[in-house]
Every structure is written in C-alpha cells, then in structure tokens.
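Engineer: next input, structure requested:
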Amino acid sequence: MIRLSVNLNKIALIRNSRGGNLPDLIKVARDCESFGAQGITVHPRPDQRHIRYSDIPLLKSAVTTEFNIEGYPSKEFVEMVVNHPPHQVTLVPDPPGALTSDHGWDTVRQYSFLKQVLAHFKSVGIRTSLFVDADINAVRGAADAGADRVELYTGPYAYNFSQDRQAAVNPHMLAAIEAKKLGLGLNAGHDLNLKNLEYYCLNVPDLKEVSIGHALICDALYQGLEKTIQLYLSQLSNQDNKRLP
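Structural biologist: Sure thing, here's the model as predicted:
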C-alpha cells in the first residue's frame, strides 16, 4: 500500500495566526496517526510562518510513524535535522522567501552541493529524498548525487489534470520507471487531492509515499479530519488490484 504522510504546515499556520497553542500541533499529529496516517511531514521555513524550529523536537518525540522533515538545506536547517534526526529528510530548492514549493532541484547543475549535503545526512543514518520535477535527467542526477529517494513535484500534474489527465501523468510514469531502474525509492507530492490522487497512483508505478497537506486540511474543514484521512487512504489502498494495463 502507498503510504500517506500528512503535512501539518497548515495546522501550524492556523495556530500561529492567533498565538498560543490552538490547534495543538502535537495532538493533531497524534490524531492523524490514530486515524490511519502512516507518516507526518513538516516543512519549517526560515520565517517560521507555520512550522517552527522549536516544534521539531516535540514532534520528534511524539510521532510514532514515519517522520519526514522537508526544507532547503541551509546551515541552520542541516544542524536542526542532524540534532533531531527524522526517518527521512526531503530537500527542496526553495529560496527563503518562497510562498510554496514550485519546482524541483536541478540535480545536474547542483550535483556537487547536493552530493555533499546528502552524504552528511546519510552519515548519521537519515534516509534522504530530493524534490525533483518529473524529468528523467533530474532523476538520474538525484541518483548520481546519492539520494535514497526522489519526491516527484506533482504541481504541474494537478494543474493540467482536468484538461488531459493522461498527458499530465505521462512524465511521471517515465520518471518513475527511471527511478526504479536506478534503485531509487519514489515519493510524490504537491497539490494532490481527492480528485486527482487515485488516477496518479494507478498510473505511476512503484510509488511508495505521498505527502499531502493543503488539500487534506481543506477537505477536513467539511468532512472532519478522521473521515478525510480515511477518504485519502481509500484512494491509496489496493492499487495493485486496480492498476490500469
């Protein structure tokens, strides 16, 4: 079964908008796990507008499933991750002021930098993943740099899904095949939702994990968090039996 990792950034954003501790980030993380999520993802940014660096040790102690920390590998980020090692670190190429992640690493041009950072994380036993576009060369560059996994950026897929779903998913299918050939694990994330998730999972082979935050929290406003997680899990289950020829 493809694993669901719930991104808690939007929960932290609501908390920070009023100060205090409502909603309680740690309680929400534990609730997500009890409702069936197989992982928790956070993406602390330099301005700490949602997840704060001070949240990381508390989450590290609380999360009993897979803990995934995303972010740009600045000196402060690297130190924080090494001091509170998660199961997985996902490196994204966001500049400090980025609103959200909107592209993957140029793994060829930034090979030397990424190779050094990935080796540092792997030396302390943290599984590494690189956020990349659905591009064969980007996947090859990630393998060359020493990543354990790639996370395919699914923003363009989600944007084009309603116009031509097959054309939208084709680059991801090819990237997935290349990742398997190179021995890379495959994750995916960004703008996946209840309308486009199942089709993606049916068509992209050997997908291990999806990270979903914004859409899932929006759905939870109407459906409730427990039911929403169950709805997402239902789209991830039994994919081997449903997979298209």
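Engineer: what stretches of the protein score poorly on pLDDT?
Structural biologist: 95-102, 238-245 (pLDDT under 70).
Engineer: find the residue at the geometric middle of it.
Structural biologist: Nearest to the geometric centre of the chain sits residue 211, at 3.8 Å (CA atoms, centre = their mean).
Engineer: bridging residues for it?
Structural biologist: Residue 211 has these beta-bridge partners by DSSP bridges: residue 5, residue 189.
Engineer: show me the strands in the protein, by range?
Structural biologist: Secondary structure of the chain, counting by DSSP state E: strands at 3-7, 39-42, 66-71, 88-91, 127-132, 149-153, 185-189, 207-212.
Engineer: I figured the residue nearest to the centre of the chain was touching residue 68, is that so?
Structural biologist: Yes: applying CB atoms under 8 Å as the test, residue 211 and residue 68 come out as touching, 6.8 Å apart. C-beta coordinates here come from the backbone N, C-alpha and C atoms, glycine included.
Engineer: tell me, what's touching these two both at once?
Structural biologist: Shared contacts of residue 211 and residue 68, defined by CB atoms under 8 Å, 6 or more residues apart in numbering, comprise 5, 39, 41, 90.
Engineer: how far away is the first one from residue 112?
Structural biologist: When you say that, I think you mean residue 5. From residue 5 across to residue 112, the span is 29 Å (CB to CB, to the nearest Å).
Engineer: list the residues that contact the closest residue to residue 212 other than its chain neighbours.
Structural biologist: Nearest residue to residue 212, sequence neighbours excluded (CB to CB, 6 or more residues apart in numbering): residue 192, at 5.3 Å. Applying CB under 8 Å, 6+ apart to residue 192 gives the contacts 154, 158, 200, 210, 212, 215.
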